[in-house]
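Participant: Quick one, what's the 3D model for this:
(2 chains)
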Protein chains: 2
Amino acid sequence: MSLPQVVPDPSLPDAVTVYEVGPRDGLQNESAIVPLQVKADFVQQLVAAGLPVVETTSFVHPRWVPQLADAAELVASLAASGLPPGPAYPVLVPNERGLDRALEAGVRHVAIFASATETFARRNLNRGLDEQYAMFEPVVRRARDAGLEVRAYLSMCFGDPDEGPVGLAQVVGAGRRLLDLGAGQLSLGDTIGVGTPGHVTALLDAFGAAGVGVSRVALHLHDTYGQALANVLAGLRSGVTTFDASAGGLGGCPYARSATGNLATEDLVWMLDGLGVRTGIDLRRLVGTSTWMAGHLGRPSTARTVQALIRG
Amino acid sequence: MSLPQVVPDPSLPDAVTVYEVGPRDGLQNESAIVPLQVKADFVQQLVAAGLPVVETTSFVHPRWVPQLADAAELVASLAASGLPPGPAYPVLVPNERGLDRALEAGVRHVAIFASATETFARRNLNRGLDEQYAMFEPVVRRARDAGLEVRAYLSMCFGDPDEGPVGLAQVVGAGRRLLDLGAGQLSLGDTIGVGTPGHVTALLDAFGAAGVGVSRVALHLHDTYGQALANVLAGLRSGVTTFDASAGGLGGCPYARSATGNLATEDLVWMLDGLGVRTGIDLRRLVGTSTWMAGHLGRPSTARTVQALIRG
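Facilitator: Residues are numbered from 1 along each chain as shown, chains lettered A, B, ... in the order given. Predicted coordinates for the structure are as follows:
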């Protein structure tokens, strides 16, 4: 199994953090329930492959995402297994009830999931834009009071399936409100994957002009139109150092109407390795993990790098 | 069907030429013979969608590529159908015999296919590196004497499946020899798709230092590891204005061991449209063409933009 030739680009950051979302954002799209032990093994293998952050689950109500009904048991199982203390294991908390459950489970790092558009806020949260901040305010405040780190996802930053184009000022306004609530990191999501590199640059510039530096921003890019890695490259050039990705491209089956098209961690790591940008991730082990997980899910990984490397 | 939001990047070229290789590089990988009329319709639809260059076929010996045994008939059929004169319709000619057939068919633009590595030259041409130049010398000379434009493909520029890494100096040396023979354009191929953006920049810089400006260079990038569009972006930043791509990602089935992983024209056009880089291509019509062709081939297009747009 070959690895990319390293040809560094000195204009890019020396190292970045890959924020792995497969166990949560990937598996939440799977209809067949994955056994608890497989989920726990998945997280452990990802950590062993060098992933520095693995979002493990979501404390969403089981009625909405039955796949993640075992969130508390998974967190307990991982704690009992003696996971290494270096990496972070954030969990998604959709609301105060989710935060209560997460605190009870003893997590140290949570993420909330907000929308940059009115339409998607109503569709996903059953609330308007202003109401979403009211809902998240006590979640962030109480999490911080408990000493937790808080990340805020901001979805639909590059376009909305119903509203179409989304203005830069609107996204910056929404992002600032989430940071003002007390979120430490803002993950800008191209939820439907329509963005292109100039758009990434323009949005990061707009955040910079509003006083939000790239050190507080992550990019969560989807490969629905094949644009994710080119958009990562634009983000790297702007100095972003945190990128979300999903091992094996989980959550991104290109043949399903529900495809979310998550950027595959392996494709991202191939590019970063080639660029000489350090991640601490062992690509071979990661491909092994995604191949193992694909076996459990009963279909091949959609990640191009996984497909290429397992072909030999 | 939505189209990308335009957010230009002023550091990039205003317009580029997309060099369509689907009818040749895509179809040559199809084992089931595609009827002549379908091939002719495919080329005509691509031209109608605004593709400015469509490589139509290869005058390779039918023993090696039975799919393209109808090269002369296809060229005659296209000429008889009154194709518009603006676009270019190059054909591949592997050797002098192929050139003879192409000249007889009345083509105005040919391409040769060379290797940057000894191993691949032997595997693909049954000749060493030096012998390949000797073979191509009369092809290029006679084509130019007949007033034809000549493009030279140079394969394995970013890595070779047997040799591994390929040095920049080796690639520049091979490319210069092809240009010295009289080729007007040099298409640098990442045949196995292993390259990353810093490598693209470094290779273009190396050509520049050797006196070969970007105006004579095209990039032929494969998406085997998902890197093609990020590499296009690096090429754009270096000023490259010709990019090869294959409608619908033909030739790039990710599930076949023989996958060549051609960059899909639609994914490329989505990015260029979003960046405000003019191509003259109507993405909607192109997606319609690729969907029609996928129907003839009996399987869905692998191009992410095609999949996303036909889902709606």
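Participant: what's around the closest residue in space to A:Glu55 that isn't next to it in sequence, how many residues?
Facilitator: The shortest distance from A:Glu55 to any non-neighbouring residue, by Cβ to Cβ, 6 or more residues apart in numbering or on different chains, is to A:Arg24 (4.5 Å). Bear in mind the C-beta positions are built from the backbone N, C-alpha and C, glycine included. If you count neighbours by other Cβ atoms under 10 Å in any protein chain shown, A:Arg24 ends up with 28.
Participant: wait, isn't A:Arg24 in contact with A:Gln67?
Facilitator: No: between A:Arg24 and A:Gln67 there is no contact under Cβ atoms under 8 Å: 9.8 Å.
Participant: Just to be sure, A:Cys244 is in a strand?
Facilitator: Let me fix one detail, which is that residue A:244 is Asp and not Cys. Yes: counting by DSSP: H, G, I helix; E, B strand; the rest coil, A:Asp244 is part of a strand.
Participant: Contacts only, for it.
Facilitator: A:Val18, A:Tyr19, A:Glu20, A:Val21, A:Asp25, A:Ser187, A:Ala218, A:Leu219, A:His220, A:Leu221, A:Asn262, A:Leu263 (Cβ atoms under 8 Å, 6 or more residues apart in numbering or on different chains).
Participant: hmm, 6 Å instead?
Facilitator: Counting by Cβ atoms under 6 Å, 6 or more residues apart in numbering or on different chains, A:Asp244 touches A:Tyr19, A:Val21, A:His220.
Participant: If you drop the residues flanking it in sequence, what lies closest to A:His222?
Facilitator: A:Gly193 is the one closest to A:His222 (Cβ to Cβ, 6+ apart), at 3.6 Å.
Participant: pretty sure the one you found is touching A:Thr224, no?
Facilitator: Yes: using Cβ atoms under 6 Å, A:Gly193 is in contact with A:Thr224, at 2.9 Å.
Participant: picking that back up, okay if I get the contacts of A:Asp244 as CSV plus secondary structure, pLDDT and neighbour count?
Facilitator: Shown next, in CSV, are the contacts of A:Asp244 (DSSP: H, G, I helix; E, B strand; the rest coil; pLDDT from 0 to 100; neighbours: other Cβ atoms under 10 Å in any protein chain shown):
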residue, secondary structure, pLDDT, neighbour count
A:Tyr19, strand, 98, 24
A:Val21, coil, 97, 29
A:His220, strand, 97, 24
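Participant: Please dump the residues you listed into CSV; it should also carry distance to chain B for every row.
Facilitator: As requested, these are arranged in CSV below (distance: Cβ to the nearest Cβ, whole Å):
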residue, distance to chain B
A:Tyr19, 18
A:Val21, 17
A:His220, 17
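Participant: any common contacting residues for A:Gly193 and A:Thr224?
Facilitator: A:Gly261.
Participant: Name the next helix or strand downstream of the strand or helix carrying A:Glu131, please.
Facilitator: Using DSSP states H and E, the secondary-structure element containing A:Glu131 is helix A:129-145. Scanning forward in sequence from helix A:129-145 by DSSP H and E, the next helix or strand is strand A:149-155.
Participant: Parallel or antiparallel, which strands does that following strand pair with?
Facilitator: Using DSSP bridges, the strands paired with strand A:149-155 are strand A:109-115 (parallel), strand A:185-190 (parallel).
Participant: Tell me which residues of it come out buried.
Facilitator: Using 16 or more other Cβ atoms under 10 Å in any protein chain shown as the test for burial, strand A:149-155 gives A:Glu149, A:Val150, A:Arg151, A:Ala152, A:Tyr153, A:Leu154, A:Ser155.
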